[in-house]
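> quick one: sequence plus predicted model below, questions after.
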Amino acid sequence: MTKDTTHRSSEYILPSFEELNAEPDNDPPGDGDEDGEDEDDEGAEKKGGKWNFLSSSSSSSSSSSEEIKIGQEFPLLLDEFLDRCRERSSKENVCYLTGDERLNEHPWLASHHVVLIREHNRVARRLSDMHPHWDDERLFQETRRIVTAIFQSITYRDYLPRIVGKRILERIDLVVGAKGSGGGGSYNASVNPSSMSVFSTAAFRYLHTLIEGQIQIQGEGRCPIKTYDLSDIQYYATLLEKPEFLTSAFRGMTNQPAQSADTFVTKEVTNKLSKIKKPFGQDLVSIDIQRGRDHGLPSYNDMREMCGLSRAKDFHHFQDVMSEKSIMQLKSLYRSANDVDLIVGGSLEDHCVDGDHSSLVGPTFGCIIAEQFFRWRSGDRYFFDHAEGPGKFTKAQLKAIMKVTLSSLLCENLEDLEYMQADAFSIISKRFLISA
């Protein structure tokens, strides 16, 4: 096990980093392509590659101040149509130019980029008023630093615990701001922050099970205005620019429950993925399984052993983390316990990580996801809550950053939003609405 005896947070969860190949594309979370076609990954590489670090950089198309103008409400349109965007509309450009063009897969992905761009501009205006002598590039870089910190804070504090539970994060010192407003993390140069294939090709893709196939836009009273089939609005990101659509979309996203985390996935992505105007499309689950084989991922049995579970000598030994019914299903599909694909075996595990039953994943996926987020934090010397380093914030700045929530971001950047629940990740309750 790789250790640094000085800092507990520099210890890897997994026994051997070298045994796990880094993802060639280095996808940040949330940016995995859902259509599974190589052309999308190649296109992203040609535009400069993807990011090793967890940042808001994918909301802009480069690190230049020329890419985001103060007052800009939506991303720039692509100069040239993507093939899928052209399939959607040959008459008008319906896709955006950002750091990762795959935001165009559907408007709900693009909507988060829009909010980050608006937050960037809001912060930039404040900084410009405070520092009128700063040039555009200084203003851009300082703003990006703040918005990235907000993005990291919300992801680690509010989102990640819902996926893997709180116990494993506490055990590996992955709770941001845990040591107060002075910062809780520390940079470790020996930690490789690259994205692991087992994370971006298997563990995080299990969360495709949460996708809701019929998505709503809602009014201020949280009553549905219209319901869309997900497959009908793929590659139509500029739908967000219709009057009041963006705000109505976020009302729906923060009020409509996601699908359950289980072995079932909506037909909108198993039968109709990227169908555009065709009668049927691709199967995302099949793509996920095949991609794992193409990447040469370790088997489920290999990874569960690396994560501290006993190695199964036969299917019966999987009963420590899954039901007898799931084991029988695996026996009917695989010849040996060693043949089970990582994404298949991990998807069948009971949801419990370090004894925490609030997680949405089982112990193997929980181990992989926590490991990846640990690396993104400890391997990034600019991570927002590091107590020392070139990107260090003051205590007052950290305190202000930690106050920002997804709900407050929406309230600040959606003009026609009147109310939002205090926690945008939780189902709405009239008792906990806050005024914008």
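Received, thanks.
> now do stretch 341-357: distance to the chain's middle.
Centroid separation between stretch 341-357 and its chain, computed with C-alpha atoms, centre = their mean, to the nearest Å, is 19 Å.
> in it, what's buried?
341-349, 351-354, 356 (16 or more other C-beta atoms under 10 Å). Backbone N, C-alpha and C define where each C-beta goes, glycine included.
> neighbours of Arg88, just the number please.
Using other C-beta atoms under 10 Å, Arg88 has 21 neighbouring residues.
> does it really touch Ile276, like I thought?
Yes: look at Arg88 against Ile276 with C-beta atoms under 8 Å: they come within range, at 5.8 Å.
> what touches both of those two?
Overlap between the contact sets of Arg88 and Ile276, as judged by C-beta atoms under 8 Å, 6 or more residues apart in numbering, is given by Gln234, Tyr235.
> please flag which of the buried residues of stretch 341-357 sit within helices.
Applying DSSP state H to the buried residues of stretch 341-357, the entries found in helices are Leu342, Ile343, Val344, Gly345, Gly346, Ser347.
> residue contacts, the third one?
When contacts are counted by C-beta under 8 Å, 6+ apart, Val344 touches Ile289, Tyr300, Leu330, Leu333.
> hmm, back to that, and the ones in helices among the buried residues of stretch 341-357 as CSV, adding pLDDT and distance to Glu220?
As requested, those are exported to CSV (pLDDT from 0 to 100; distance: C-beta to C-beta, whole Å):
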residue, pLDDT, distance to Glu220
Leu342, 98, 44
Ile343, 98, 40
Val344, 98, 43
Gly345, 98, 45
Gly346, 98, 40
Ser347, 98, 38
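> from the residues you listed, which single one is nearest Glu92?
Ranked by distance to Glu92 (C-beta to C-beta), those are led by Ile343 at 37.6 Å.
> find the nearest non-adjacent residue to that closest one, please.
Ala202 (4.2 Å; C-beta to C-beta, 6 or more residues apart in numbering).
> pLDDT score for that neighbour?
We have a pLDDT of 97 for Ala202.
> check contacts around it.
Ala202 neighbours (C-beta under 8 Å, 6+ apart): Asp288, Gly292, Leu297, Asp341, Leu342, Ile343, Gly346, Phe365, Ile368.
> tally of neighbours for the first one?
Right, Asp288. 22.
> one more: the third one?
Number of residues near Leu297 (other C-beta under 10 Å) recorded here: 21.
> return the set of buried residues in stretch 92-105.
Applying 16+ other C-beta under 10 Å to stretch 92-105 flags 93-105 as buried.
> for stretch 324-337, same thing?
Buried, per 16+ other C-beta under 10 Å, within stretch 324-337: Ser326, Ile327, Gln329, Leu330, Lys331, Tyr334, Ala337.
> could you pull out the strands in the stretch 301-436 of the chain for me?
419-421, 433-435 (DSSP state E, counting those that start in this stretch).
> could you tell me the least trusted of these?
strand 433-435 (a mean of 55).
> what ranges does the stretch 301-436 of the chain have for its helices?
324-333, 342-347, 363-378, 395-403, 406-413 (DSSP state H, counting those that start in this stretch).
> adding distance to Ile428, write those out as TSV.
Shown next, in TSV, are the helices of the stretch 301-436 of the chain (distance: least, C-beta to C-beta, whole Å):
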stretch	distance to Ile428
helix 324-333	33
helix 342-347	29
helix 363-378	27
helix 395-403	21
helix 406-413	11
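> which among those is found nearest to Asp136?
Checking the helices of the stretch 301-436 of the chain against Asp136 by C-beta to C-beta gives helix 406-413 as the closest, at 21.2 Å.
> return the list of helices and strands in contact with the closest one.
Applying 3 or more C-beta pairs under 8 Å, 6 or more residues apart in numbering; DSSP states H and E, we find helix 406-413 packed against helix 107-130, helix 136-154, helix 245-255, strand 419-421.
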